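In: I'd like to go over a predicted model; first the sequence, then the structure.
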Amino acid sequence: DIVDLTIHPLVLLSAADHYHRVARGTRKRVVGVLLGSVSKGRVDATNSFAVPFEEDNKNPAVFYLDHNFVENMLHMFKKVHAKERIVGFYSTGPQIR
């Protein structure tokens, strides 16, 4: 069970910047990966990166996420911060889906 979550300021700034660069003024969502560590029920989100993401305009239940991009970015981040792993995802937009 998760008992505590810490989100570092860089993660919040990165998610806000991602939204403002890609989707501000639109109904689009942006999606990203949260990196960090989990220990004894405590999640520490220390880093993040944006992920290319598109939704089908006709059916919002259908979306396109670049899995190869996620794997490549995770590989590059591990070269710098070997102990970081995926601890979650973020999504922004006009409503929760």
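Out: Great, that's in hand. Please read all numbers here as calculations on a predicted model, not as lab measurements. Numbering: from 1, shown residues only.
In: I'd like to know how many residues surround Asp44.
Out: Neighbour count for Asp44, taken as other Cβ atoms under 10 Å: 17. To be clear about C-beta, it is placed using only N, CA and C from the backbone, and glycine gets the same treatment.
In: meant to ask about Phe69
Out: Number of residues near Phe69 (other Cβ under 10 Å) recorded here: 15.
In: Same question for Thr46.
Out: Thr46 has 17 neighbouring residues, counting by other Cβ under 10 Å.
In: hang on, isn't it packed against Leu12?
Out: No. The pair Thr46 / Leu12 is not scored as a contact, 11.7 Å apart, by Cβ atoms under 8 Å.
In: Mind checking what secondary structure the residue of the chain positioned farthest from its centre has?
Out: Distance from the C-alpha centroid of the chain, by Cα atoms, centre = their mean, peaks at Lys58 (24.3 Å). In three-state terms, and counting by DSSP: H, G, I helix; E, B strand; the rest coil, Lys58 is coil.
In: Now it. Its backbone dihedrals?
Out: For Lys58, the backbone dihedrals are phi -80, psi -30 (criterion: degrees, to the nearest 10).
In: Kindly report the same for the one 4 residues further on.
Out: The phi/psi pair for Val62 (degrees, to the nearest 10) reads phi -100, psi 130.
In: Which residue, other than its chain neighbours, is closest to it?
Out: Asp56 (3.9 Å; Cβ to Cβ, 6 or more residues apart in numbering).
In: Neighbours of that neighbour, how many?
Out: Asp56 sits with 10 neighbouring residues when counted by other Cβ under 10 Å.
In: quick one, what contacts it?
Out: Val62, Phe63, Tyr64 (Cβ atoms under 8 Å, 6 or more residues apart in numbering).
In: again with Gly32
Out: Gly32 sits next to Ser14, Ala15, His18, Ser48, Phe49, Ala50, Val51, Phe89, Tyr90, Ser91 when contact means Cβ under 8 Å, 6+ apart.
In: Kind regards, and thank you for your time.
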